[in-house]
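A.B. asks: kindly generate the corresponding structure for this input.
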Amino acid sequence: MDQIEPKYGDSFEGVLLETFRDDQVSRPRVKPVAVLPSWLKVEFPRHLREANPIGTLFRADVYVRQKHYPDGAPKGPLYLRANNNTIIKIAEPTSDKVQIAVQRRGTISGRAYDYFIIQSSYDSVQKRLFALRGVAYGAPEMATASRSVASIRRERSALIVEYARLRSEGFCEACDSPAPFIRRNDDPYLEVHHIVSLAEGGEDHPKNVVAICPNCHARVTHGKDGVSYNSLIKKRVVEIEAGLMKITTEG
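C.D. replies: The predicted structure follows:
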């Protein structure tokens with residue numbers, strides 16, 4: 001993805017942002033991900049930087065700012081200011097151990113922090129699954145000057161495919177058989193199927209996708225009982241999603 005070179009006064013909608021630990025300063029900071037250069041620092045609410053682990057993802061509208069001398073000459077590098085009213089938490093880090101920043105007591109400046117690694121409540125696969133689930137069930141994003149409809153659809157489609165494969169835990173969500181083989185990247189091989197195809201108005205949504213083995217995929221597509229089998233798969237996905245909703249709510 002090509003990066004945009006920002007200019008003073010520019011504004012961007014729905015920019016993906018990430019909390020990170022800066023080697024130059026003690027306090028946790030925020031940087032843009034992918035579209036804008038990562039060297040840009042972001043003016044971001046301190047309570048959100050402190051309350052969320054390092055690596056937490058947000059989206060927000062941002063404005064390109066720069067400090068100036070009294071005579072109007074630019075002072076220092078460009079930076080971003082997040083519009084606090086637009087900040088949306090997207091996902092937490094997926095590691096089974098996460099790093100949090102805690103403000104050190106007794107310091108005059110209040111800018112000294114200590115970092116601690118804590119064990120997460122879920123394993124890394126579950127954390128990633130629930131993080132993606134939160135995005136998948138969220139409201140669809142609007143296209144902006146910096147993000148086209150096509151780019152948003154591609155991002156969402158890739159997210160939903162990953163979600164379905166994680167949800168399956170390596171087993172066909174139609175027949176319960178294990179994936180027939182392991183990919184070169186060590187992931188189980190399952191094919192993601194849209195229950196109602198995108199061409200027929202189906203959505204990239206957790207309840208409309210299923211990770212299934214090649215045999216079941218061929219049965220749905222070419223089998224004599226393909227339509228009825230597809231209906232059975234749809235009912236099963238509804239049950240699976242209801243179970244995940246219960247886990248997420250009780251967790």
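
A.B. asks: what lies in contact with stretch 18-37?
C.D. replies: 1, 3-6, 12, 15-17, 38-42, 44, 46, 49-50, 52-58, 62, 80, 82, 99, 101, 104, 111-113, 115, 146-147 (C-beta atoms under 8 Å, 6 or more residues apart in numbering). Yep, even glycine has a C-beta here, placed from its N, CA and C like the rest.

A.B. asks: least confident secondary structure element in the protein?
C.D. replies: helix 124-136 (a mean of 70; mean pLDDT, DSSP states H and E).

A.B. asks: elements contacting the helix or strand immediately after it in the chain?
C.D. replies: Past helix 124-136, further along toward the C-terminus, the next helix or strand under DSSP states H and E is helix 149-168. Contact here means 3 or more C-beta pairs under 8 Å, 6 or more residues apart in numbering; DSSP states H and E; on that basis helix 149-168 packs against helix 124-136, strand 191-194, strand 209-212.

A.B. asks: ok, now which ones touch residue 153?
C.D. replies: Contacts here follow C-beta under 8 Å, 6+ apart; on that basis residue 153 touches residue 204.

A.B. asks: for the helix or strand harbouring residue 63, give the mean pLDDT please.
C.D. replies: Assigned by DSSP H and E, residue 63 belongs to strand 57-68. Strand 57-68 shows a mean pLDDT of 94.

A.B. asks: next SSE downstream of it?
C.D. replies: Using DSSP H and E, the next helix or strand after strand 57-68 towards the C-terminus is strand 74-82.

A.B. asks: name the strands paired with that next one and say parallel or antiparallel.
C.D. replies: strand 42-43 (parallel), strand 57-68 (antiparallel) (DSSP bridges).

A.B. asks: show the buried residues in the contacts of stretch 18-37.
C.D. replies: Among the contacts of stretch 18-37, the ones that count as buried by 16 or more other C-beta atoms under 10 Å are 6, 12, 15-17, 40-42, 44, 49, 52-58, 62, 80, 82, 99, 101, 113, 147.

A.B. asks: who's in contact with whichever helix or strand residue 218 is part of?
C.D. replies: For residue 218, the host element (DSSP H and E) is helix 214-222. Here helix 214-222 makes contact (C-beta under 8 Å, 6+ apart) with 172, 174-175, 177, 180, 189, 191, 193, 212, 225-226, 229-230, 233.

A.B. asks: distance check, residue 27 against residue 80.
C.D. replies: Applying C-beta to C-beta, to the nearest Å, one obtains 16 Å for the distance of residue 27 from residue 80.

A.B. asks: now residue 46
C.D. replies: Distance of residue 46 to residue 80, given as C-beta to C-beta: 16 Å.

A.B. asks: wait, residue 173 sits on residue 209?
C.D. replies: No - judged on C-beta atoms under 8 Å, residue 173 makes no contact with residue 209 at a distance of 9.3 Å.

A.B. asks: intersection of neighbour lists for those two?
C.D. replies: Residues touching both residue 173 and residue 209 (C-beta under 8 Å, 6+ apart) are 164, 237.

A.B. asks: quick one: mean pLDDT for the helix or strand encompassing residue 47?
C.D. replies: Element membership for residue 47 (DSSP H and E) is helix 46-51. For helix 46-51, mean pLDDT rounds to 82.

A.B. asks: which neighbouring elements make contact with it?
C.D. replies: Here helix 46-51 touches strand 28-32, strand 97-103, going by 3+ C-beta pairs under 8 Å, 6+ apart.

A.B. asks: strands paired with the longest one, and their directions?
C.D. replies: Going back to what we said before, that points to strand 97-103. When pairing is defined by DSSP bridges, strand 97-103 lines up against strand 113-119 (antiparallel).

A.B. asks: in the partner strand, which residues are buried?
C.D. replies: Using 16+ other C-beta under 10 Å as the test for burial, strand 113-119 gives residue 113.

A.B. asks: now that strand against strand 28-32, angle please.
C.D. replies: For strand 113-119 against strand 28-32, the angle by axes from the mean of the first three to the mean of the last three C-alpha atoms, to 10 degrees is 80 degrees.
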